[in-house]
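Enquirer: Quick one, structure for this:
(one chain, ligands or ions: 1)
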Amino acid sequence: MSRKPTDRRDGASVDGARARSLLEKIDGPQDLRGLSEQELAQLAQEVRAHIIDTVGEIGGHFGANLGTCELAVALHSLLESPRDKILWDVGHQAYPHKILTGRRDRLATIRQYGGLAPFCSRAESPHDIMGAGHASTSIGYAVGIKEGMRLRAGETGAQAADAKVVAVIGDGAMTGGVAFEAIGQAGGLGTPIVVVLNDNGMSIAPNVGALSRYFNRVRLNPKLWRARADIEGGLTRLPIGIGAAFERLGPHLKESIKAFWAPGLWWEELDWAYMGVIDGHDVRALREALREALAAQRPVVVHIATVKGKGFAPAEQGGLEGMEQWHAAKPNSITNGVPTKTPAAPARAAKRNGARAKLAPAPAPQYTQVFGEALLRECRRDERVVGITAAMNSGTGLSILQKAMPERYFDVGIAEQQAILFAAGLALQGVKPVAAIYSTFLQRAYDQVVHDVCLQRLNVVFAMDRAGLVGDDGPTHHGAFDIAYLRCLPNIVLMAPRDEAMLVNMLHTALLYDDGPIALRYPRGEGTGAPLPLTPRAITIGTGEILREASPAVAASAGPGAAGPGAAGEHAAGEHAAGRRVALIGYGSGVGKALAAAEQLAGLGIAVTVADARFAKPIDAGLMAQLAAEHDLLVTVEEGVLAGGFGSAVWETLNDAGVAGAAGAVRIMRIGLPDEYVTHGKPALLHEQIGFTSERIVERVAAAVGARRSGRITGGGQSRPAGSAIVGA
Ligand SMILES: Cc1ncc(C[n+]2csc(CCOP(=O)(O)OP(=O)(O)O)c2C)c(N)n1
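Expert: The predicted model follows:
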């Protein structure tokens, strides 16, 4: 019987400056051939050391990658990638795979602008077979790829039909329903693929649900390690020696005895062969099991036990908390293989030195934190309110509720569809569910949103964190589409706070609202520093507000030429009040950009009104009409795709009212995310790249105002048009 992974202490040291004698020679998977099993084990340790050193310095996904070093080595030593296909579910645990497939020296660029992609990327390497980032997709792809090979067998240029397909999926990702759909299909078709169930008991936080309990029972029972293989002696046969005796006992008793001994019975019932539990940190055991599984002409699952954070003591020995904390490493969090000592806080250091502390201003709180605290307060105010997360308890701030009121907190696992159906069911019983799901992950539950919540007009609150560009996690995680994909749905209310104070008020508003679904979106990261309300205040549904009136004084004081062509004092729209040429209408994080741009435009002598629309649906049609009547140019600013977004809502509203589109009507310029997938990198860089900055707004507004005067439409500067449209000019 194999030892449990935690018992192993062999392999190369992973501390300090390490010799990477083997890894240095690995430029691709072909270089693993010919290495002895001992060398492969050493290579896995060198990969681990490389990850600890590199990711500890630059930041990135961490614990899961330390858990897959041996697995990646074992797979690449047996398979011929990319002819054989290795699929990494999510891809956050694929760093060892990246290192072994020619990207060793670029690991230090991962998640950075222009650097390696955060997850697997088809554009990046032929060894990255599927694009990933969202969980639970690998088995479905594997079935399609293998069946595709079979369908095209013999065609010129087609993949050889005997190529192997392996999907690596974590126990967390296995909680996603779409994985089960694929298991059902593969079992039905008998598709010869191998699924490696990489079981560490963890999702980002400890894994949840009955499936996880089942995995735990199997994984934590040493008697069951390889028990299945020992009993059956292979993948397809019934228990040796006892089969005939069992037959006589009748099918029920046979099944229950088998279930006791056979941890994989569930799989077997679905026509999968089950192997496990295998020590996922023992290269020899892994290779032995995988070799057997790859030879079988049927779907096989290889259940392996790994440790999240293997080889890094604070994660490995820090229990569940340690593993959760080290799911990802912050930049500069590890030095010489151990956590970096954080410098003493200035106040403490100063006190120690007997000096007077010079305190830096405290940073504004994170939106996530504000949301989590506000939700707890709402739960205390109204006993009907509950919070739901899909495996993102700290990411959504729901960990605050979990700690304070665990009975009002629900984690459904990586199962966004179930999160929404569960919310719908709760709402039918008069509960007030808040489904806190990132903008990007709510995409997975779209039909539940459409069919089960909006059509039924149920009182479900959608709280979408990470709305807008999220940064390092890149295109799979940017919250780019929610305004567009929700705005087309009847019955729903859409709102977005411009700052953390408004977030508190909007959550309160959403929970007082009793006429169907209501959604709020807010960005990743720090708030604006707006003082939080002591008592949340409800706002009127469907109303925006003007935050800054174009000051005619600005226009008057700006003499001809002060702002170049189109200075406010010179504008031609005689029926408009002097100086009221441009109105910027922000939505959510777009408001901050609009206010900053207005300030700069005022400096150029261009008087600008700024409004916060607050609602994309129902939009404040009265306010829009008023702004259109009083200005020549309306500029909408939103951190979402333009197609079908907030700016489109403004245009549609005015067009339907006969205000836009007609000759001489107000012009509308939409500023937002472009019609393309935006790459990964720091948000400021990405905003710069796509032109979503106040400076670019200023350039474009100045150019558009000038264009109007001279009768031309200009492109508005050098950098890329960040998704823009000028209507009715
Ligand atoms: C659809 C979806 N929801 C949520 C996430 C966020 N997420 C990324 S990794 C992860 C945990 C995955 O757990 P597991 O598959 O067990 O891998 P481990 O990190 O434990 O190795 C989660 C919830 C995601 N990527 N996709």
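
Enquirer: Let me see the contact set for the residue nearest the centre of the chain.
Expert: Centroid-nearest residue in the chain, with CA atoms, centre = their mean: His477, separated by 3.8 Å. His477 makes contact with 118, 133, 438, 440, 466, 470, according to CB atoms under 8 Å, 6 or more residues apart in numbering. Every C-beta, even on glycine, is put in place using the N, C-alpha and C of the backbone.

Enquirer: Repeat the analysis, applying 6 Å as the threshold.
Expert: The neighbours of His477, taking CB atoms under 6 Å, 6 or more residues apart in numbering as the test, are 440, 470.

Enquirer: For Gly91, see how far away it is.
Expert: 11 Å (CB to CB, to the nearest Å).

Enquirer: what does Gly468 give?
Expert: 22 Å.

Enquirer: how much distance is there from whatever helix or strand Ile483 lives in to the middle of the chain?
Expert: Per DSSP states H and E: Ile483 is located in helix 482-487. Here helix 482-487 is found 17 Å from its chain centre; the criterion is CA atoms, centre = their mean, to the nearest Å.

Enquirer: For it, name the packing helices and strands.
Expert: With contacts taken as 3 or more CB pairs under 6 Å, 6 or more residues apart in numbering; DSSP states H and E, helix 482-487 sits against strand 615-617.

Enquirer: elements contacting the strand it packs on?
Expert: helix 482-487, strand 493-495.

Enquirer: Tell me the buried residues in stretch 480-496?
Expert: Burial within stretch 480-496, assessed by neighbour count using 16 or more other CB atoms under 10 Å, is assigned to 480-487, 489, 492-496.

Enquirer: Average pLDDT for the helix or strand hosting Gly372, rounded please.
Expert: Gly372 is located in helix 367-381, with elements delineated by DSSP H and E. Helix 367-381 shows a mean pLDDT of 98.

Enquirer: And Arg213, how close does it get to Leu189?
Expert: Using CB to CB, we find Arg213 at a distance of 29 Å from Leu189.

Enquirer: So for the two, which residue has more residues nearby?
Expert: Set side by side, Arg213 and Leu189 show more neighbours around Leu189, with 15 against 11, by other CB atoms under 10 Å.

Enquirer: Skip the chain neighbours and tell me the closest residue to the more buried one.
Expert: In this structure, Leu189 finds its nearest non-sequential neighbour in Glu147, 6.7 Å apart by CB to CB, 6 or more residues apart in numbering.

Enquirer: For whichever helix or strand comes after the helix holding Gly372, name the packing helices and strands.
Expert: Where DSSP H and E defines the elements, the next helix or strand beyond helix 367-381 is strand 385-389. Counting contacts by 3+ CB pairs under 6 Å, 6+ apart, strand 385-389 is packed against helix 367-381, strand 409-411, strand 432-436.

Enquirer: quick one: which of the ones you listed is nearest the ligand?
Expert: strand 409-411 (10.0 Å; CB to the nearest ligand atom).

Enquirer: check whether the closest one contacts the ligand.
Expert: No: Strand 409-411 lies out of reach of the ligand by CB under 6 Å from any ligand atom, never closer than 10.0 Å.

Enquirer: Not counting its own residues, what contacts that strand?
Expert: Strand 409-411 has contacts (CB under 6 Å, 6+ apart) with 208, 387-389, 393, 401-402.

Enquirer: ok, now which ones touch Leu627?
Expert: 583, 634.

Enquirer: Remind me which helix or strand it belongs to.
Expert: Assigned by DSSP H and E, Leu627 belongs to helix 621-630.

Enquirer: Output that helix as CSV - backbone C-alpha positions only.
Expert: What follows is helix 621-630, C-alpha atoms only, in CSV (Å, rounded to 0.1, in the frame of the first residue of the first chain):
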residue,chain,number,x,y,z
ALA,A,621,-35.2,58.5,-18.8
GLY,A,622,-36.2,61.9,-17.4
LEU,A,623,-32.6,62.7,-16.4
MET,A,624,-31.3,61.5,-19.8
ALA,A,625,-33.8,63.7,-21.6
GLN,A,626,-32.8,66.7,-19.5
LEU,A,627,-29.1,66.2,-20.1
ALA,A,628,-29.7,65.7,-23.8
ALA,A,629,-31.7,68.9,-23.9
GLU,A,630,-29.1,70.9,-22.2
